[in-house]
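Colleague: Provided below for reference: sequence and predicted model.
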Amino acid sequence: MDVKDSNGNLLADGDSVSLIKDLKVKGTSVTLKRGTIAKNIRLTDDPEEVECNVDKVKGLVLKTCFLKKA
């Protein structure tokens, strides 16, 4: 299974990615700003989603269409 970011680069476990768009996090009042770095991502069973930790939110699942490899 190949997991690709918004630019078509392959992602792997442990990569760092940055957001290409401001995202509101459901269930919280936090908004992740464009350019926020998510380090040490983990791939999921779904090729369009990755799990990561960001400074403000732990255990966050993000869509790969909003990410680019850092």
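Modeller: Nice, I can see it. Quick caveat: nothing in here was measured; it's all calculated off a predicted structure.

Colleague: who are the neighbours in contact with the closest residue in space to residue 33 that isn't next to it in sequence?
Modeller: Once flanking residues are discounted, residue 33 sits nearest to residue 22: 5.6 Å by Cβ to Cβ, 6 or more residues apart in numbering. Quick note: C-beta positions are derived from backbone N, CA and C, even for glycine. Counting by Cβ atoms under 8 Å, 6 or more residues apart in numbering, residue 22 makes contact with 31-34.

Colleague: for the chain, what spans make up the strands?
Modeller: Along the chain, counting by DSSP state E, strands occupy 17-19, 23-24, 31-32, 37-43, 49-53, 60-63, 67-69.

Colleague: partner strands of the fifth one, parallel or antiparallel?
Modeller: Read that as strand 49-53. Using DSSP bridges, strand 49-53 pairs in its sheet with strand 37-43 (antiparallel), strand 60-63 (antiparallel).

Colleague: Format the ones you listed as CSV; extra columns: mean pLDDT.
Modeller: Below are those laid out as CSV (pLDDT from 0 to 100):
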stretch, mean pLDDT
strand 37-43, 95
strand 60-63, 95
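
Colleague: before we move on, back to that, possible to save the strands of the chain as JSON lines with distance to residue 4 and mean neighbour count?
Modeller: Shown next, in JSON lines, are the strands of the chain (distance: least, Cβ to Cβ, whole Å; neighbours: other Cβ atoms under 10 Å):
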{"stretch": "strand 17-19", "distance to residue 4": "11", "mean neighbour count": "19"}
{"stretch": "strand 23-24", "distance to residue 4": "19", "mean neighbour count": "14"}
{"stretch": "strand 31-32", "distance to residue 4": "21", "mean neighbour count": "16"}
{"stretch": "strand 37-43", "distance to residue 4": "11", "mean neighbour count": "16"}
{"stretch": "strand 49-53", "distance to residue 4": "11", "mean neighbour count": "17"}
{"stretch": "strand 60-63", "distance to residue 4": "12", "mean neighbour count": "15"}
{"stretch": "strand 67-69", "distance to residue 4": "9", "mean neighbour count": "19"}
